[in-house]
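J.: Sequence and predicted model, in that order:
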Amino acid sequence: MKELDWANLSFGYMKTNWNLRISFKDGKWGEIEESNSEYVPMHIAATCLHYGQEAFEGLKAFRGKDGKVRVFRMEANAERLQSTCRATMMPELPTETFCKMVKRVIELNKEFIPPYESGASLYIRPLLIGTGAEVGVKPAQEYMFLIFVMPVGPYFKGGFSANAYALVRSYDRSAPLGMGKYKVGGNYAASLYAHNIAHEKGYGSEFYLDAKEKKYIDECGAANFIGIKGDKYITPKSESILPSITNKSLQQIAKDNGMTVECRPVPLEELNEMDEAGACGTAAVISPISRIDDIELGKSYVVAKDGKPGPVLTKLYNQLRAIQYGDAPDTHGWVTVLDI
Ligand code: PLP
Ligand code: COI
């Protein structure tokens, strides 16, 4: 394999050596298969193609200074996938099988794990699709779960720097009683138009308010919102956002630092009182927010007056990364160490 430019990787697809697959048929999961194909043979009436019966996940593995590989919170991802399965009438994959496949796919692609010094990581993408043929709207009888990996750099160009977001009021990614809290592809299809508007206007990403009242902050594109006000860590409580594993981890780290965590509806206007704000997620890690522009109402909320990441989010970012790379002790049992 030719040496990759690890330090300049962006967040995008790259072919690696192997992916893993397991099929669900006749009411049970089969054997794990190793594949070097980038393709999935599919029935033309598969439910994932017609009715969006699919779910995905995203997690990362990190190569430490000690050479060991650490996977971050894979059991939490397995459990979130199970919750998406319940909501979409798909069979739940046992946590044990999920974790076994995560560990094996990393091992099979170990030369793609970026070195410690690069600051890059290995992104792991689990995917579950309805493969059984149905034309009536009903759940499939057959499914495929697969996992592939790729080395990634920062989600936003420029790494840990502050980005501006565009609040696009005319579009919602999910409905109040809809699928926003699950990781289904349809939510991302629903975000593409608003995302494109934001991108064309030069913003890092689109920003969503709650769909019902258009009053409270929901999400920052494909990431949760965090606001910092004095020693308070404030994050939206909403039925239509993804329960971010990164956000939960950061809440714990904030508490460990003596901060107060407030998980509650966050009115948009409260941005005027925030000292710092950021987007958080597996891909985004913490991506500080410089400004949120309400592009349809022509109003701007400037959070970082100097356009730079603030001290609290910088500290939380460094603390989270230190746990993930093994530079700080894993006091909450979040990390699985692989000796590969
Ligand atoms: N919100 C959305 C819509 C996402 O797609 C993601 C990414 O997974 C997140 C939030 C962050 O979640 P996590 O921290 O579990 O990656
Ligand atoms: C993640 O953070 O893992 C995501 O899923 C974000 C995006 C790439 C969909």
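T.: On my side now, so go ahead. Ligands and ions are numbered 1, 2, ... in the order given.

J.: who in the protein is up against ligand 1?
T.: Residues of the chain lying near ligand 1 by C-beta under 6 Å from any ligand atom: 58, 219, 222-224, 242, 244-247, 281-282. Any C-beta I mention is one placed from the backbone N, CA and C, and that applies to glycine too.

J.: how does it look with 8 Å?
T.: Residues of the chain lying near ligand 1 by C-beta under 8 Å from any ligand atom: 57-59, 76-77, 80, 173, 180, 183, 187-188, 191, 219, 221-224, 241-249, 280-284.

J.: Buried subset of the residues you listed as a ChimeraX selection?
T.: The ChimeraX selection below is limited to those of the residues of the chain next to ligand 1 classed as buried (16 or more other C-beta atoms under 10 Å):
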select :57,58,59,76,77,80,173,180,183,187,191,219,221,222,223,224,241,242,244,245,246,247,248,249,280,281,282,283,284
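
J.: In helices, which of the residues of the chain next to ligand 1 fall?
T.: 76-77, 80, 187-188, 245-249 (DSSP state H).

J.: and those as TSV, adding pLDDT?
T.: Below are those laid out as TSV (pLDDT from 0 to 100):
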residue	pLDDT
76	98
77	98
80	98
187	98
188	98
245	98
246	98
247	98
248	98
249	98
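
J.: Among the residues you listed, which one lies nearest to residue 153?
T.: residue 246 (16.8 Å; C-beta to C-beta).

J.: all strands for the stretch 51-200 of the chain, in order.
T.: 54-56, 59-63, 69-72, 121-130, 143-152, 163-167 (DSSP state E, counting those that start in this stretch).

J.: Make CSV out of those and add mean pLDDT.
T.: Converted to CSV, the strands of the stretch 51-200 of the chain look like this (pLDDT from 0 to 100):
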stretch, mean pLDDT
strand 54-56, 98
strand 59-63, 98
strand 69-72, 98
strand 121-130, 98
strand 143-152, 98
strand 163-167, 96
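
J.: ok, for the residue in the chain that ligand 2 sits nearest to, nearest residue in space, not its chain neighbours?
T.: Closest residue of the chain to ligand 2, C-beta to the nearest ligand atom: residue 58 (2.3 Å). Nearest in space to residue 58, with sequence neighbours left out and distances taken as C-beta to C-beta, 6 or more residues apart in numbering, is residue 282 at 4.6 Å.

J.: what's near enough to touch the one you found?
T.: Contacts for residue 282 (C-beta atoms under 8 Å, 6 or more residues apart in numbering) come out as 58-60, 72, 123, 245-246.

J.: just these now: which is nearest residue 89?
T.: Closest to residue 89, out of all of those and judged by C-beta to C-beta, is residue 58, at 22.2 Å.

J.: The closest one contacts residue 285, doesn't it?
T.: No: judged on C-beta atoms under 8 Å, residue 58 makes no contact with residue 285 at a distance of 12.0 Å.

J.: Tell me the bridge partners for residue 167.
T.: residue 207, residue 294 (DSSP bridges).

J.: Tell me how many other residues crowd it.
T.: Neighbour count for residue 167, taken as other C-beta atoms under 10 Å: 25.

J.: try residue 36
T.: 10.

J.: what about it, distance to residue 69?
T.: Taking C-beta to C-beta, to the nearest Å as the measure, residue 36 falls 21 Å from residue 69.

J.: Likewise for residue 120?
T.: 13 Å.

J.: And these two? Which one has more around it.
T.: residue 120 (25 against 22).

J.: Grab the nearest non-local neighbour of residue 52.
T.: residue 186 (4.5 Å).

J.: ok, the one you found touching residue 53?
T.: No: under the criterion of C-beta under 8 Å, residue 186 is not in contact with residue 53, lying 9.7 Å apart.

J.: Helices of the protein, residue ranges please.
T.: 47-51, 74-87, 95-108, 185-189, 192-200, 245-256, 311-325.

J.: Format the ones you listed as CSV; extra columns: distance to residue 136.
T.: Shown next, in CSV, are the helices of the chain (distance: least, C-beta to C-beta, whole Å):
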stretch, distance to residue 136
helix 47-51, 10
helix 74-87, 20
helix 95-108, 30
helix 185-189, 19
helix 192-200, 28
helix 245-256, 35
helix 311-325, 45
